[in-house]
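> fold the following.
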Amino acid sequence: MKEVIEKLKPVVSDMLKNFGLELFDLSFRRERGNWVLRVVIDDPNGYVSIKQCEKVSNELGKYLDLNNLIEHSYVLEVSSPGLDRPMRGVQDYKRFVGRLAKFWLTDGRFVMGYIKYADETKIAVETESETVDFSPEQVSKSKLEVEF
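Down below sits the predicted model:
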């Protein structure tokens, strides 16, 4: 259902801009016999609240019903990326300076610590024992860690 995603992505992105939010992920797939439209939203100024998810779900649901963009029944899910969200590149590394994160590097290393610095050429992470520097190109996967 790639064509549904291509049709919806600009519509959802524009709607989210009106709420001061961003589209993190959009998927439409069959799960346990039902079609599920999953919209993952992000707030560039902090965490996504349940109220924000509810507002987006209501508005998007009305829009989809009025414009009949999906021809068959489906379940609409609106959520946030979560506290332990994946990071998707330099913009996220910069955004989350000071936060605890995990990085899996292409050379096989695993680094967990606080992001001290990030730009297009270097990321500095303060671990328990040292500061580890690496380039964004060396990151194969990264995510925030939940602190208790």
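
> what ranges do the strands span in this structure?
Using DSSP state E, the strands of the chain run over 22-31, 34-42, 75-79, 100-105, 110-118, 123-126, 131-134, 139-144.

> how close does Glu6 get to Glu54?
Noted for Glu6: a distance of 26 Å to Glu54, by C-beta to C-beta, to the nearest Å. C-beta coordinates here come from the backbone N, C-alpha and C atoms, glycine included.

> hang on, I meant Leu69
Counting by C-beta to C-beta, the gap from Leu69 to Glu54 is 21 Å.

> just name the most buried of the strands of the chain.
When the strands of the chain are scored by mean count of other C-beta atoms under 10 Å, the highest mean neighbour count falls to strand 123-126 (a mean of 20).

> ok, and what's touching that one?
93, 101, 103, 111-118, 131-136, 139 (C-beta atoms under 8 Å, 6 or more residues apart in numbering).

> if you set the cut-off to 6 Å instead, what comes out?
Residues outside strand 123-126 that contact it (C-beta atoms under 6 Å, 6 or more residues apart in numbering): Tyr93, Val111, Gly113, Tyr114, Ile115, Lys116, Tyr117, Thr131, Val132, Asp133, Phe134.

> for Leu144, give me its contacts.
Asp84, Arg85, Arg99, Ala101.

> from these, list the buried ones, please.
Listed as buried from the contacts of Leu144 are Arg85, Ala101; burial here means 16 or more other C-beta atoms under 10 Å.

> list the contacts of Val39.
Counting by C-beta under 6 Å, 6+ apart, Val39 has contacts Leu26, Val78.

> ok, now how distant is it from Ile5?
To Ile5, Val39 is 11 Å away according to C-beta to C-beta.

> also Tyr93?
Counting by C-beta to C-beta, the gap from Tyr93 to Ile5 is 27 Å.

> kindly report the same for Val97.
32 Å.

> and Val12, by the same measure?
Taking C-beta to C-beta, one finds Val12 at 10 Å from Ile5.
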